[in-house]
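>>> Here's my sequence, what's the structure:
(chains A and B)
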Amino acid sequence: KAGVTQTPRYLIKTRGQQVTLSCSPISGHRSVSWYQQTPGQGLQFLFEYFSETQRNKGNFPGRFSGRQFSNSRSEMNVSTLELGDSALYLCASKVAATDTQYFGPGTRLTVL
Amino acid sequence: AQSVTQPDIHITVSEGASLELRCNYSYGATPYLFWYVQSPGQGLQLLLKYFSGDTLVQGIKGFEAEFKRSQSSFNLRKPSVHWSDAAEYFCAVGSNDYKLSFGAGTTVTVRA
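Numbering: from 1, shown residues only, chains lettered A, B, ... in the order given. From the prediction side, this is the model:
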């Protein structure tokens, strides 16, 4: 079974731009979560979706948003990029609420 | 709210020696506990997990972890490390609010 895939793997943007990242979960997984990883803050939870509904959101500004489609694929969007948004963005999928999360390889976003 | 503490930022161990990584968690209910490993530039790979039952859990790559409720700990061990075990290790606690909370990570260096 294929793992979690994320596209693109690398992205360079400039301040003020917006960006959309994509995540395809493992087949049969209906829950998708997003995490931001930075050297200073570590791994921080962004949001989680299940059956197209956001069930939880981390402590991030409204510039960070996401959505999930009927095929469970998910996108996250960051508007008005800031230098501090440079990070590795990880997507994870799981079958049910208390199941194990399986992570994708991440998208490395660099904001110049 | 749940939280995870990994007291050791960096550990250096000789190849063939034993390894123990410490993890302490804070969570009001029965926790779901995980250990993940991350190689440079990669996503997170699940090593093992604890949901309930036997407090000593076996994982991949020869790792094991022991859940001790009285100490709020979930330490990771490996009897004999290999050079390929050099990576960053993350302990995480899951909860019923659909997210994982991660520790800051422990970087393991293996010397020949």
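
>>> from here on, contacts and neighbour counts on C-alpha atoms
Will do.

>>> Any figure for the gap between A:Gln36 and B:Arg22?
As judged by C-alpha to C-alpha, to the nearest Å, A:Gln36 and B:Arg22 stand 23 Å apart.

>>> Compare the two (neighbour count), which wins?
A:Gln36 (20 against 16; other C-alpha atoms under 10 Å in any protein chain shown).

>>> Now do the contacts for the more buried one.
A:Gly42, A:Leu43, A:Gln44, A:Phe45, A:Leu46, A:Ala87, A:Leu88, A:Tyr89, A:Leu90 (C-alpha atoms under 8 Å, 6 or more residues apart in numbering or on different chains).

>>> Apart from its neighbours in sequence, what residue is nearest it?
A:Tyr89 (4.7 Å; C-alpha to C-alpha, 6 or more residues apart in numbering or on different chains).

>>> Let me see the contact set for that neighbour.
A:Trp34, A:Tyr35, A:Gln36, A:Gln37, A:Gly106, A:Thr107, A:Arg108, A:Leu109.

>>> Relative to chain A, which residue of chain B is the closest?
Closest residue of chain B to chain A, C-alpha to the nearest C-alpha: B:Gly43 (4.0 Å).

>>> per-residue pLDDT, that residue?
Per-residue confidence (pLDDT) for B:Gly43: 91.

>>> thought it was touching A:Gly104?
Yes. Under the criterion of C-alpha atoms under 8 Å, B:Gly43 makes contact with A:Gly104 at 5.7 Å.

>>> Touching both of these two, which residues are there?
A:Leu90.

>>> who has more neighbours, these two?
More crowded of B:Gly43 and A:Gly104, by other C-alpha under 10 Å: A:Gly104, with 24 against 21.

>>> can you confirm B:Thr70 is in a helix?
To be clear, residue B:70 is Ser; Thr isn't right here. Yes. Read with DSSP: H, G, I helix; E, B strand; the rest coil, B:Ser70 is one of the residues of a helix.

>>> So among the contacts of A:Tyr89, which ones count as buried?
A:Trp34, A:Tyr35, A:Gln36, A:Gln37, A:Gly106, A:Thr107, A:Arg108, A:Leu109 (16 or more other C-alpha atoms under 10 Å in any protein chain shown).

>>> Pick the one among those closest to chain B.
Taking these together and measuring to chain B by C-alpha to the nearest C-alpha, the closest member is A:Gly106, at 5.7 Å.
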